[in-house]
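Undergrad: Sequence first, predicted model second:
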Amino acid sequence: MKHRIQFPVDMINAMRLLLRGSLGCLALAVFIFAGCATEPLSPRVVFANLAINGRPVHMMLDTGAASTLLYSAAAKRVGLEFTPPRRDITPGMFEVVAGMSEPVRVSVGTQTFTSPLPVFILPPSSRLPSAMMEDGVIGWPEVRDNILVFDAAHHTVRSVARLPKETDGWLKLKVLPRSTLLLETPLSDGKRGVILVDTGAPQGVQLSPARWRETRAAHPEEPLVAINHSTWSIGPFAAQAMWADEIKLGALTLTRVPVENMPPAEAAWLNKADPDAEVAGVIGLRALARVDLIVDGQNGLAYARPRPPARIANWSVAENVRVNCDYLFVRSGIADCGGGKFDSAIADYTRALEINPKNYDAYANRALARQIQGDFPGALTDYDKVIELNRRNSADAQLQRQTLLCRLGRSPGDFAASVAGWKDGWTKTLALFVADQLDETALLAAAEKNDAVPAPGPQCEAFYHIGMKRLCNGDNPGAKIFFQRGVATGLRQYVEYQFATAELARLNATAPR
């Protein structure tokens with residue numbers, strides 16, 4: 001297999017990495033927090049049989065991405081030396097700035113290549129988007145020569161040596177030789193259509209503006225959900241979603257999937273990818289789970305078989321929307337919150353919880369928004385629900401909850417004993433400070449040591465928590481100094497920046513004149 005990591009030709013020395021060709025990738029969409037919101041846990045597809053220098057790694061396959069990217073923690077774990085990225089580079093659209101590893105042997109199923117790998121330096125905070133729970137992202141060019149069996153329902157894809165016999169009788173589609181997984185399909189009017197299969201996108205089916213208008217006109221009775229998205233490449237954009245009992249993408253028919261309109265920039269990119277074909281749609285993970293898909297990259301063919309819908313008694317359209325669209329309200333809330341529309345964001349999260357009372361992402365995000373708004377009791381209640389529903393991954397909620405207990409003058413409980421059992425890392429360091437097991441000097445030294453590339457995220461977090469402790473101890477002038485230092489970092493993507501800004505406003509509002 002040839003190695004095809006994609007670099008813009010004039011940017012190789014600068015280590016700019018062209019990450020993807022479409023707009024839906026979540027792997028690098030949100031660092032730590034988006035404004036005042038945590039990125040909801042999204043489904044993703046992990047490559048099941050992949051190794052670096054003979055050591056297994058768990059890479060997220062993004063069939064909409066043009067390049068492969070290894071996260072720094074994984075590079076260190078497998079013993080790779082790598083150069084750091086340059087700090088004086090500003091990435092353009094669809095680019096990230098990465099370091100470069102020494103040459104490594106990468107095994108993808110039954111095939112192997114040797115090459116350096118781009119390495120992305122992750123922030124040391126453990127509060128990362130769900131996509132970063134893997135070791136990195138492997139793009140479509142690196143795997144497209146394999147025979148791949150997708151199992152989106154179980155979030156895996158594996159490479160096999162031979163085309164399975166089970167594909168007999170399946171729908172057969174041509175795979176276009178592009179840097180993303182594009183399938184060619186005949187359309188009802190005799191034209192050629194293209195379908196982008198994007199395992200980096202959590203959505204169901206996205207339709208081009210024209211196809212969306214046609215679909216909506218044909219089903220005016222279907223309930224609509226207005227949502228806001230935000231991606232790292234184009235920023236926020238509005239969309240509408242509805243439930244489809246059946247949707248046809250050329251020769252491929254999908255059942256029981258959420259459908260939404262894609263942003264015009266996405267449609268424009270797809271049109272450029274194949275100017276002679278019409279955009280049939282984009283299949284994200286929630287739609288891919290409704291399809292059995294095997295891609296024979298060696299022969300340029302894909303085999304698809306729609307999964308039969310589960311039989312559920314008395315299943316209504318309204319219930320379909322309720323069951324499947326809570327995540328849309330969470331993402332809409334994230335976009336609202338990132339734009340400073342906190343009341344609207346809280347309303348979005350509340351609607352998500354009305355749909356799914358066990359959506360701990362909605363509770364976590366509503367807690368952050370409520371805390372920024374000064375609704376400390378409401379935020380405390382939401383943090384308690386996050387801990388109740390997702391205790392194994394609730395360290396951050398426990399940390400923020402403890403800070404609020406201090407803010408409200410309540411008993412700290414057994415927090416110190418709880419923190420002792422946490423996994424070592426930056427979040428535990430912050431918690432030890434909150435639990436009076438670490439002083440200010442030690443926390444600031446740890447923050448400087450853990451300083452992330454390219455921005456001082458740990459310092460922003462440390463400044464906020466020191467400010468909060470001083471505020472709880474009645475030292476308002478000292479608290480104000482540290483909140484100002486947190487805001488001075490300019491890291492708006494950190495929730496501690498938003499917290500510090502809100503606390504400064506409250507201190508200024510109550511200061512004597």
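TA: Ah, there it is.

Undergrad: Tell me which residues of stretch 271-288 come out buried.
TA: Buried residues in stretch 271-288, counting neighbours by 16 or more other C-beta atoms under 10 Å, are found at 273-274, 277-288. Where you see a C-beta, it was placed from the backbone N, CA and C, and this is true even at glycine.

Undergrad: what's the answer for stretch 138-158, then?
TA: 138-150, 152, 155-158.

Undergrad: next one: stretch 183-198
TA: Buried positions in stretch 183-198, judged by neighbour count with 16+ other C-beta under 10 Å: 183-185, 187, 193-198.

Undergrad: Got phi/psi on the closest residue to residue 494 other than its chain neighbours?
TA: Using C-beta to C-beta, 6 or more residues apart in numbering and skipping residues adjacent in sequence, the residue nearest residue 494 is residue 460, 5.1 Å away. Backbone geometry at residue 460, expressed as degrees, to the nearest 10, gives phi -60, psi -40.

Undergrad: try residue 244
TA: phi -120, psi 120.

Undergrad: and if you look at the one 4 residues further on?
TA: Dihedral angles phi and psi of residue 248 (degrees, to the nearest 10) take the values phi -100, psi 130.

Undergrad: who's in contact with it?
TA: Going by C-beta atoms under 8 Å, 6 or more residues apart in numbering, residue 248 touches 188, 254.

Undergrad: That one bridge partners, please.
TA: Taking DSSP bridges as the rule, residue 248 bridges to residue 253.

Undergrad: Any stretches of the stretch 301-450 of the chain with poor pLDDT?
TA: 308-325, 328 (pLDDT under 70).

Undergrad: try the stretch 51-200 of the chain
TA: 90-96, 109-110, 122-133, 152-153.

Undergrad: quick one, helices of it?
TA: Listed in chain order, the helices found in the stretch 51-200 of the chain under DSSP state H, counting those that start in this stretch are 72-77, 140-143.

Undergrad: Dump these to JSON lines, plus distance to residue 98.
TA: JSON lines is the format used below for the helices of the stretch 51-200 of the chain (distance: least, C-beta to C-beta, whole Å):
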{"stretch": "helix 72-77", "distance to residue 98": "9"}
{"stretch": "helix 140-143", "distance to residue 98": "15"}
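
Undergrad: Against residue 299, how distant is residue 136?
TA: 28 Å (C-beta to C-beta, to the nearest Å).

Undergrad: If you count surrounding residues, which of the two has more?
TA: residue 136 (27 against 11; other C-beta atoms under 10 Å).

Undergrad: Report the contact partners of the nearest residue to the more buried one once chain neighbours are set aside.
TA: Spatial nearest neighbour of residue 136, chain neighbours left out: residue 70 (4.1 Å); criterion: C-beta to C-beta, 6+ apart. Residue 70 makes contact with 52, 57, 59, 80, 101, 117-120, 135-136, according to C-beta under 8 Å, 6+ apart.

Undergrad: Which ones among those map onto strands?
TA: By the criterion of DSSP state E, membership of the contacts of residue 70 in strands covers 52, 59, 101, 118-120, 136.

Undergrad: which one of these is nearest residue 162?
TA: Nearest to residue 162 out of the ones in strands among the contacts of residue 70 is residue 59 (C-beta to C-beta; 23.1 Å).

Undergrad: Number of residues surrounding the nearest residue to residue 179 once chain neighbours are set aside?
TA: Among residues not flanking residue 179 along the chain, residue 66 sits closest, at 4.1 Å (C-beta to C-beta, 6+ apart). Applying other C-beta under 10 Å, we find 23 residues neighbouring residue 66.

Undergrad: cool, residue 478 as well?
TA: 16.

Undergrad: can you check residue 476 too?
TA: 14.

Undergrad: got the contact list for it?
TA: 470, 507, 511.

Undergrad: Give me the pLDDT for the residue nearest to residue 494.
TA: Note on residue 460: pLDDT of 91.

Undergrad: Same question for the one 10 residues further on.
TA: pLDDT recorded at residue 470 is 95.

Undergrad: Can you report phi and psi for it?
TA: Torsion angles, degrees, to the nearest 10, at residue 470: phi -60, psi -40.

Undergrad: residue contacts, it?
TA: Contacts of residue 470 by C-beta under 8 Å, 6+ apart are 476, 478-479, 482.

Undergrad: can you list those residues in JSON lines and add pLDDT and secondary structure?
TA: Below are the contacts of residue 470 laid out as JSON lines (pLDDT from 0 to 100; DSSP: H, G, I helix; E, B strand; the rest coil):
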{"residue": "476", "pLDDT": "95", "secondary structure": "helix"}
{"residue": "478", "pLDDT": "95", "secondary structure": "helix"}
{"residue": "479", "pLDDT": "95", "secondary structure": "helix"}
{"residue": "482", "pLDDT": "96", "secondary structure": "helix"}
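
Undergrad: could you dump the residues you listed to JSON lines with distance to residue 175?
TA: Formatted as JSON lines, these follow (distance: C-beta to C-beta, whole Å):
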{"residue": "476", "distance to residue 175": "64"}
{"residue": "478", "distance to residue 175": "62"}
{"residue": "479", "distance to residue 175": "59"}
{"residue": "482", "distance to residue 175": "55"}
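
Undergrad: What ranges does the stretch 1-150 of the chain have for its strands?
TA: 16-18, 46-47, 50-52, 55-56, 59-62, 69-71, 82-83, 95-97, 99-101, 104-108, 111-115, 118-120, 136-139, 147-151 (DSSP state E, counting those that start in this stretch).

Undergrad: right, and those - which one's nearest residue 465?
TA: Of the strands of the stretch 1-150 of the chain, nearest to residue 465 by C-beta to C-beta is strand 69-71, at 25.9 Å.

Undergrad: so how far is the closest one off the chain centroid?
TA: Taking the mean of its C-alpha atoms, strand 69-71 sits 15 Å from the chain's own mean (C-alpha atoms, centre = their mean, to the nearest Å).

Undergrad: Partner strands of it, with direction?
TA: strand 118-120 (parallel), strand 136-139 (antiparallel).

Undergrad: out of those strands, nearest to residue 342?
TA: Closest among those, using C-beta to C-beta: strand 118-120, at 30.9 Å.

Undergrad: The residue nearest to residue 494: how many residues sit nearby?
TA: Residue 460 has 26 nearby residues by other C-beta under 10 Å.

Undergrad: Confirm residue 240 sits in a strand?
TA: Yes. Assessed with DSSP: H, G, I helix; E, B strand; the rest coil, residue 240 lies in a strand.

Undergrad: Looking at strand pairing, list the partners for it.
TA: residue 226.

Undergrad: on that earlier part again, nearest to residue 249 among the buried residues of stretch 183-198?
TA: Closest to residue 249, out of all of these and judged by C-beta to C-beta, is residue 195, at 5.3 Å.

Undergrad: quick revisit: show me which pair in the contacts of residue 470 is furthest apart.
TA: 476 and 482 (11.2 Å).

Undergrad: quick one, helices of the stretch 401-513 of the chain?
TA: Going by DSSP H, counting those that start in this stretch, the stretch 401-513 of the chain shows helices at 415-420, 426-434, 440-449, 457-472, 476-488, 495-510.

Undergrad: Alright, calling it a day.
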